[in-house]
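Chemist: sequence isn't available, so here's the structure alone:
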């Protein structure tokens, strides 16, 4: 297992659509293990694959931050949403230091695959539902700030621009070190 670099707002991979997982091979298993390790190292409750630069439909969740063995891995998620919603404050590992209220479905039926290729199906509600929706959005290239009103986005404009600059600098350093 290895820690992966969490991509920051402004990195183009965060806006990419993730591809379905066709075959669960060693690479998929390693990515999932690395994502769990990265999630815990960053004190997160959810992490999507494109947040670590991998554009496959994988995300990990652990709504119980104090349980370091409770992470769940979901591949190729499908959400069936009811109409009832709630508003709750959200944050994101890829958008550090910014939190905002986001309106999302309170509960829904959820389907995915686990790492053994088994179909998982359950009714999600509460914090777990919110995390699943947030991470599923990442797989579609959608960020929680996309749900904010124009006024709220304007208020965050400077912070988001600073994150974009930081992301660009990190990407340039990474490319320079990779090229030698």
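Modeler: Structure's in. What do you need? Since we're looking at a predicted model, the values are computed, not measured. Numbering: from 1, shown residues only.
Chemist: going by C-alpha atoms from here, please, whenever you check contacts or count neighbours.
Modeler: Noted.
Chemist: now the strands for this protein?
Modeler: 46-48, 58-61, 72-80, 85-92, 95-105, 107-113, 119-125 (DSSP state E).
Chemist: which helices and strands does the longest one pack with?
Modeler: Taking 3 or more C-alpha pairs under 8 Å, 6 or more residues apart in numbering; DSSP states H and E as contact, the helices and strands that strand 95-105 lies on are strand 85-92, helix 126-139.
Chemist: do I have it right that residue 105 meets residue 88?
Modeler: No: counting by C-alpha atoms under 8 Å, residue 105 stays clear of residue 88, with 10.5 Å between them.
Chemist: quick one, which of these two is more surrounded?
Modeler: residue 105 (18 against 13; other C-alpha atoms under 10 Å).
Chemist: got a pLDDT number for the more buried one?
Modeler: What the model reports for residue 105 is a pLDDT of 94.
Chemist: partners of it in the sheet?
Modeler: Following DSSP bridges, residue 105 is listed with bridge partners residue 85.
Chemist: what do you get for residue 92?
Modeler: Where residue 92 sits in a bridge, its partners, by DSSP bridges, are residue 95.
Chemist: so how far is residue 25 from it?
Modeler: Between residue 92 and residue 25 the computed distance is 28 Å (C-alpha to C-alpha, to the nearest Å).
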